[in-house]
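# Pasting a predicted model and its sequence here:
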Amino acid sequence: MKISVAIPCYKVKEQILSVIQRIPAQVEKIYVVDDCCPEHSGLLVQSQCDDPRITLIFHESNQGVGGAMITAYRQALEEQMDIVVKIDGDGQMDPGLLSLFIEPIVQGRADYTKGNRFFNLETLIAMPPMRKFGNAALSFVNKFSSGYWNIMDPTNGYTAIHCQTLALLPLDKLSTRYFFESDMLFRLGTVRAVVRDISMAAIYADEKSNLQIKKVILEFPCLYLKAFFKRVFYNYFLRDFNGASLELVFGLLLILFGASWGVEHWLGSIVSQQVASSGTVMLAVLPLIIGFQLLLSAIQFDMANIPREPLQKYLRAIKK
């Protein structure tokens with residue numbers, strides 16, 4: 001298989017040359033995308049690195065990590081690569097682990113692999129406390145949003161993807177900023193791609209993260225919520241209609257009925273100064289209980305509905 005590496009560059013002047021030097025020889029192409037870097041990382045690579053595998057791409061304006069990766073992905077598809085591995089240029093990802101990320105894809109066991117810094121508790125100690133909390137919280141929300149209940153550490157940028165799967169994704173619709181990794185999982189879920197976690201240890205030195213906590217708190221919840229409703233609509237109403245679809249519909253209707261009935265009669269009791277009858281109370285409580293049970297059953301179905309058959313096997317069969 002033809003392996004390529006994509007490196008988005010923004011304020012990575014101190015680390016980029018070291019990252020490129022450590023990329024294994026099995027990699028055929030290295031796409032270095034200078035995302036209008038104020039430190040001119042691309043020019044540094046151009047002047048001080050003579051690796052023939054490098055293809056330098058310059059953005060005239062900053063498009064974000066997602067925008068840089070979309071550019072690299074398009075280039076990889078155009079040059080008919082088989083696998084694209086994303087390695088950040090800040091030195092936090094060990095290029096020596098590349099073989100671990102591509103192995104499940106080469107063996108036909110996955111369409112997309114991503115790093116997981118939460119697997120090994122000993123190496124997790126090195127992660128700053130705020131990052132631990134933030135990544136754990138985002139991981140929980142991402143499970144609902146993407147449908148990949150078996151995946152942890154969704155913002156981890158060390159990834160690899162089979163180009164047959166990549167060709168199925170709407171690259172023009174992907175998030176261009178720091179929601180890119182989470183958006184990738186959502187898009188992969190809509191095509192039923194198999195995603196696997198790869199255990200890794202993050203490297204924390206003197207580099208500065210460009211991700212601002214305020215942006216995560218203000219922007220990510222709405223994006224996750226939007227992705228969740230899209231996924232539910234696509235998978236349970238547009239492309240398929242199954243038992244979980246019925247449980248969602250009837251569960252929500254019963255909860256809405258029980259809540260509205262209960263509030264209406266509770267307010268009526270306050271105004272009339274009369275205690276509601278047990279029958280009135282039961283008409284409010286029973287639909288709520290049954291509704292929640294139906295929603296829990298739908299969630300259980302969704303947790304068991306994780307994609308397990310790699311797309312690349314199906315796509316190869318069609319190609320033949």
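Thanks, I have it.
# which residue ranges form the strands in the stretch 1-150 of the chain?
3-9, 27-34, 54-58, 83-86, 112-116 (DSSP state E, counting those that start in this stretch).
# Same list, these, but as TSV with distance to G243 please.
The way it works is simple: take the backbone N, C-alpha and C, and place the C-beta from them, glycine included. Listed next are the strands of the stretch 1-150 of the chain as TSV, based on distance: least, CB to CB, whole Å:
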stretch	distance to G243
strand 3-9	41
strand 27-34	45
strand 54-58	48
strand 83-86	37
strand 112-116	28
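# Let me have those strands in a markdown table, extended by mean neighbour count.
Output for the strands of the stretch 1-150 of the chain, formatted as a markdown table (neighbours: other CB atoms under 10 Å):
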| stretch | mean neighbour count |
| --- | --- |
| strand 3-9 | 27 |
| strand 27-34 | 22 |
| strand 54-58 | 16 |
| strand 83-86 | 26 |
| strand 112-116 | 25 |
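# Which one of the ones you listed lies nearest to Y73?
strand 83-86 (6.2 Å; CB to CB).
# Name the strands paired with the closest one and say parallel or antiparallel.
strand 3-9 (parallel), strand 159-162 (antiparallel) (DSSP bridges).
# end-to-end on stretch 68-86?
Taking CA to CA, to the nearest Å, the span from the opening residue of stretch 68-86 to its closing residue is 11 Å.
# coming back round to it: could the strands of the stretch 1-150 of the chain go into CSV alongside mean pLDDT and distance to R308?
Putting the strands of the stretch 1-150 of the chain into CSV (pLDDT from 0 to 100; distance: least, CB to CB, whole Å) gives the following:
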stretch, mean pLDDT, distance to R308
strand 3-9, 97, 25
strand 27-34, 97, 29
strand 54-58, 96, 35
strand 83-86, 98, 20
strand 112-116, 95, 13
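# still on that earlier bit, reformat the strands paired with strand 83-86 as JSON lines; add distance to F233.
Formatted as JSON lines, the strands paired with strand 83-86 follow (distance: least, CB to CB, whole Å):
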{"stretch": "strand 3-9", "distance to F233": "31"}
{"stretch": "strand 159-162", "distance to F233": "25"}
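# Out of those, the one nearest Q26 is which?
Among these, strand 3-9 comes nearest to Q26, with 5.9 Å by CB to CB.
# and the angle for that closest one with strand 27-34?
If you take axes from the mean of the first three to the mean of the last three CA atoms, to 10 degrees, strand 3-9 sits at 20 degrees to strand 27-34.
# got the contact list for strand 3-9?
Contact with strand 3-9 is made by 16, 19-20, 23, 26-35, 37, 41-42, 45, 65, 68-69, 72-73, 76, 79, 81-89, 95, 98, 102, as judged by CB atoms under 8 Å, 6 or more residues apart in numbering.
# The same query, at a cut-off of 7 Å, please.
By CB atoms under 7 Å, 6 or more residues apart in numbering, the residues outside strand 3-9 that reach it are 16, 19, 23, 26-35, 37, 41-42, 65, 68-69, 72, 76, 81-89, 102.
# and what of stretch 150-165?
Residues outside stretch 150-165 that contact it (CB under 7 Å, 6+ apart): 76-77, 81-88, 93, 101-102, 105, 111-118, 135, 138-139, 142, 181-182, 185, 193, 195, 197, 200, 306, 311-312, 315.
# List only those of those flagged as buried.
For the contacts of stretch 150-165, a burial check counting by 16 or more other CB atoms under 10 Å picks out 76, 81-88, 93, 101-102, 105, 111-118, 135, 138-139, 142, 181-182, 185, 193, 195, 197, 200, 311-312, 315.
# Could you export stretch 291-309 as PDB, CA atoms only?
Taking Å, rounded to 0.1, in the frame of the first residue of the first chain, the C-alpha atoms of stretch 291-309 are listed here in PDB:
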ATOM      1  CA  GLY A 291     -41.100   7.100  27.900                       C
ATOM      2  CA  PHE A 292     -37.800   7.100  29.700                       C
ATOM      3  CA  GLN A 293     -37.600   3.300  29.500                       C
ATOM      4  CA  LEU A 294     -38.200   3.400  25.800                       C
ATOM      5  CA  LEU A 295     -35.400   6.100  25.400                       C
ATOM      6  CA  LEU A 296     -33.000   3.900  27.400                       C
ATOM      7  CA  SER A 297     -33.800   1.000  25.200                       C
ATOM      8  CA  ALA A 298     -33.100   3.100  22.100                       C
ATOM      9  CA  ILE A 299     -29.700   4.100  23.600                       C
ATOM     10  CA  GLN A 300     -28.900   0.500  24.300                       C
ATOM     11  CA  PHE A 301     -29.700  -0.400  20.700                       C
ATOM     12  CA  ASP A 302     -27.500   2.500  19.500                       C
ATOM     13  CA  MET A 303     -24.600   1.300  21.600                       C
ATOM     14  CA  ALA A 304     -24.800  -2.200  20.000                       C
ATOM     15  CA  ASN A 305     -25.100  -0.700  16.600                       C
ATOM     16  CA  ILE A 306     -21.400   0.200  16.200                       C
ATOM     17  CA  PRO A 307     -20.100  -0.400  12.700                       C
ATOM     18  CA  ARG A 308     -18.100  -3.700  12.700                       C
ATOM     19  CA  GLU A 309     -17.600  -4.600   9.000                       C
END
